[in-house]
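In: Give me the fold of what follows.
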Amino acid sequence: MKVQLACAVLALGPALALLASYPRRLWAAAAGAAFCAVAGAGLIVWAGAADRSLACVCAGWGVLGSLYGLLLCRRSLGARAVQADDLARARQRREEIARELAAVKAAGLRTEREHKETLALYGMIKGFSEALSWEEMKPKLELAVTQFLGVNDFALYVAAEKGAFARLSVRHLDNSPGGSWAAWKSCAREHGIDMSEARILEQPERAMAVPIHDAAELVGYFYARLPADQEPAALMAKARTFAAETSLAFRRVKLFQEMEQLSQVDGLTGLFRRGTFDERLSEETVRARTFKTTFSLLMLDIDHFKGLNDRYGHPFGDQVLRRIGELLKSSVYETDFVARYGGEEFVVLMPRAEPEGVLRKAESIRRAVAAERFALAFETIQVSVSIGVAHFPRDSAAPEELVAKADAALYQAKSQGRDQVVVYTAARRPAGS
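Out: Numbering: from 1, shown residues only. Predicted coordinates for the structure are as follows:
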């Protein structure tokens with residue numbers, strides 16, 4: 001009976017060993033197999049002849065069962081090792097994919113940035129090619145600096161007469177040495193900075209200073225604080241491109257201005273220029289003296305023109321000048337002579353005109369301008385002109401003096417409230433004129 005009970009316990013050995021060792025305790029499975037082998041051998045020796053067959057079967061079962069449990073543990077550990085390797089490879093692949101995605105994203109952002117820079121460069125070059133005056137150039141330069149260079153704190157200077165530099169545009173540099181040309185020159189001298197070369201500055205502040213050359217001539221200067229999010233060397237490379245394009249634009253504006261000075265017609269209004277008017281006035285004076293005829297002179301000035309420019313911008317001011325030029329040309333006879341005298345002033349020379357007819361014509365011009373409406377965005381703007389009138393030879397027989405008297409009448413029209421016509425006979429010459 002004891003042998004049978006021992007055989008039953010030995011028969012349960014493999015199951016108990018498997019339960020204790022599976023799936024990862026290989027040592028427990030090996031210990032269970034060894035225990036079953038030793039216990040089986042002891043049971044065979046201990047059992048009598050009658051129970052020896054049962055003992056052999058139980059011992060064999062114990063050994064084989066425990067060895068099978070050991071095999072199952074080994075397979076489980078191998079499968080887990082393979083699974084761990086697969087997980088490690090999958091994790092590594094995920095990391096590689098994440099790095100590749102990050103690289104693709106960075107490349108996409110870089111391409112997008114380069115595309116934007118290319119578009120900004122194209123827009124800058126196109127805008128510069130369309131600007132024919134400093135007033136037109138200023139907003140295009142500011143747009144190029146902010147969009148192409150990505151800079152918000154900057155100053156642009158243009159060479160003026162006798163080595164001086166005029167401020168073309170300054171933004172957000174109130175407490176910076178680059179905020180004025182005099183301050184920058186003084187700062188450069190104090191810190192030993194060569195202003196003829198482009199450079200990155202660390203003192204007195206992190207900034208870049210880029211001269212604008214046309215051949216060997218210094219025609220402008222660009223100063224900017226360095227943005228924290230841009231690499232200085234890359235920004236300097238773009239700034240050199242900007243300076244090269246700006247140099248060409250400056251040359252174009254100067255050549256156009258020189259050409260305008262040599263031409264007879266004002267490029268903005270299509271009217272004759274002052275030099276041509278002076279020649280025509282001299283000729284008309286000689287003709288009137290020779291043939292004992294008369295002529296009249298109207299001098300017009302747009303009221304509050306500086307305020308219009310400051311409030312609505314120079315492009316709007318140019319629009320007003322062009323339209324008034326058109327109104328003047330359409331309001332007078334072919335024998336009359338219309339010119340832009342300078343800035344917002346115009347003159348009309350009317351040969352062989354009667355004073356009453358001249359006054360009616362001046363009033364007609366004033367009313368035509370007052371009736372004109374200028375649309376800007378959602379606003380409709382009205383402008384007016386003041387007009388001074390002088391007659392030859394009644395008010396003066398000298399051309400320069402006649403102009404002065406028409407100007408005195410214009411001054412009185414301004415003094416009396418603007419938007420009116422004043423004839424010199426009723427004018428009061430201002431003190432010191």
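In: Check which helices and strands the helix or strand containing Arg189 sits against.
Out: Assigned by DSSP states H and E, Arg189 falls within helix 181-190. Judged by 3 or more CB pairs under 8 Å, 6 or more residues apart in numbering; DSSP states H and E, the packing partners of helix 181-190 are strand 165-171, strand 217-225. Where C-beta positions appear, they are placed from N, C-alpha and C, glycine not excepted.
In: Following that helix in sequence, what is the next regular element?
Out: For helix 181-190, the following helix or strand on the C-terminal side (DSSP H and E) is strand 199-201.
In: what lines up beside that following strand in the sheet?
Out: strand 207-214 (antiparallel) (DSSP bridges).
In: ok, what's across the strand from Leu297?
Out: Taking DSSP bridges as the rule, Leu297 bridges to Leu349, Ala390.
In: CA atoms only for the helix holding Arg189, dumped as CSV, please.
Out: Provided in CSV are the C-alpha atoms of helix 181-190 (Å, rounded to 0.1, in the frame of the first residue of the first chain):
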residue,chain,number,x,y,z
TRP,A,181,23.1,108.3,-39.2
ALA,A,182,25.0,110.7,-36.9
ALA,A,183,24.7,108.3,-34.0
TRP,A,184,25.8,105.3,-36.0
LYS,A,185,28.8,107.2,-37.4
SER,A,186,29.8,108.2,-33.9
CYS,A,187,29.3,104.7,-32.6
ALA,A,188,31.3,103.1,-35.5
ARG,A,189,34.2,105.6,-34.8
GLU,A,190,34.2,104.8,-31.1
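In: could you give the angle of that helix to strand 217-225?
Out: Angle, helix 181-190 to strand 217-225, by axes from the mean of the first three to the mean of the last three CA atoms, to 10 degrees: 90 degrees.
In: Give the rounded mean pLDDT of helix 181-190.
Out: For helix 181-190, the mean pLDDT works out to 92.
In: Show me the domain layout of the chain.
Out: Each domain of the chain is listed here as a residue range: 2-92, 131-254, 274-426, per automatic domain parsing.
In: Which one of these has the poorest average confidence?
Out: For the domains of the chain, the weakest mean pLDDT is recorded on domain 2-92, namely a mean of 63.
In: The domains of the chain into JSON lines, with extra columns for distance to Arg99 and mean neighbour count?
Out: As requested, those are exported to JSON lines (distance: least, CB to CB, whole Å; neighbours: other CB atoms under 10 Å):
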{"stretch": "domain 2-92", "distance to Arg99": "11", "mean neighbour count": "16"}
{"stretch": "domain 131-254", "distance to Arg99": "23", "mean neighbour count": "16"}
{"stretch": "domain 274-426", "distance to Arg99": "50", "mean neighbour count": "17"}
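In: How about residues contacting the helix holding Arg189?
Out: With contacts defined as CB atoms under 8 Å, 6 or more residues apart in numbering, helix 181-190 is touched by 155, 157, 164-167, 177-178, 193-195, 204, 209, 221, 223.
In: quick one: which of these is nearest Thr380?
Out: Comparing these against Thr380 with CB to CB places Arg167 closest, at 33.4 Å.
In: What residues are bridge-paired with the closest one?
Out: Here Arg167 sits in beta bridges with Tyr157, as judged by DSSP bridges.
In: Quick check: it vs Asp301, distance?
Out: 27 Å (CB to CB, to the nearest Å).
In: gap between the two ends of stretch 193-211?
Out: By CA to CA, to the nearest Å, the extent of stretch 193-211 from end to end equals 12 Å.
In: can you give me how far it is from the chain middle?
Out: Taking the mean of its C-alpha atoms, stretch 193-211 sits 22 Å from the chain's own mean (CA atoms, centre = their mean, to the nearest Å).
In: Please apply the same query to stretch 163-183.
Out: Its chain's C-alpha centre and that of stretch 163-183 lie 20 Å apart, by CA atoms, centre = their mean.
In: likewise stretch 98-105?
Out: Here stretch 98-105 is found 29 Å from its chain centre; the criterion is CA atoms, centre = their mean.
In: Show me how far stretch 336-356 is from its chain's centre.
Out: Per CA atoms, centre = their mean, the centroid offset for stretch 336-356 relative to its chain is 44 Å.
In: measure that stretch end to end?
Out: Using CA to CA, one end of stretch 336-356 lies 16 Å from the other.
In: same check, this time on stretch 160-177
Out: Stretch 160-177 end-to-end distance (CA to CA) = 20 Å.
In: ok, and what's touching that stretch?
Out: Around stretch 160-177, the neighbours that count as contacts under CB under 8 Å, 6+ apart are 134, 137-138, 141-142, 152-159, 179-181, 183-184, 186-187, 204-205, 207, 220-221, 223, 225.
In: Measure how far it is from the centre of its chain, please.
Out: That offset, for stretch 160-177, works out to 20 Å (CA atoms, centre = their mean).
In: any idea how far the helix holding Arg189 is from the chain center?
Out: With CA atoms, centre = their mean as the basis, helix 181-190 stands 27 Å off its chain's centre.
In: Compute the distance between Lys162 and Asp153, please.
Out: The gap separating Lys162 from Asp153 is 29 Å, by CB to CB.
In: repeat for Asp85
Out: Asp85 sits 57 Å away from Asp153, going by CB to CB.
In: now do His304
Out: Distance of His304 to Asp153, computed by CB to CB: 33 Å.
In: Could you do Gly270 as well?
Out: Per CB to CB, Gly270 is found 40 Å from Asp153.
In: With Tyr312 instead?
Out: Using CB to CB, Tyr312 is found at 26 Å from Asp153.
In: Let's check: the centremost residue of this structure is which one?
Out: Nearest to the mean C-alpha position of the chain, by CA atoms, centre = their mean, lies Gln147 at 2.1 Å.
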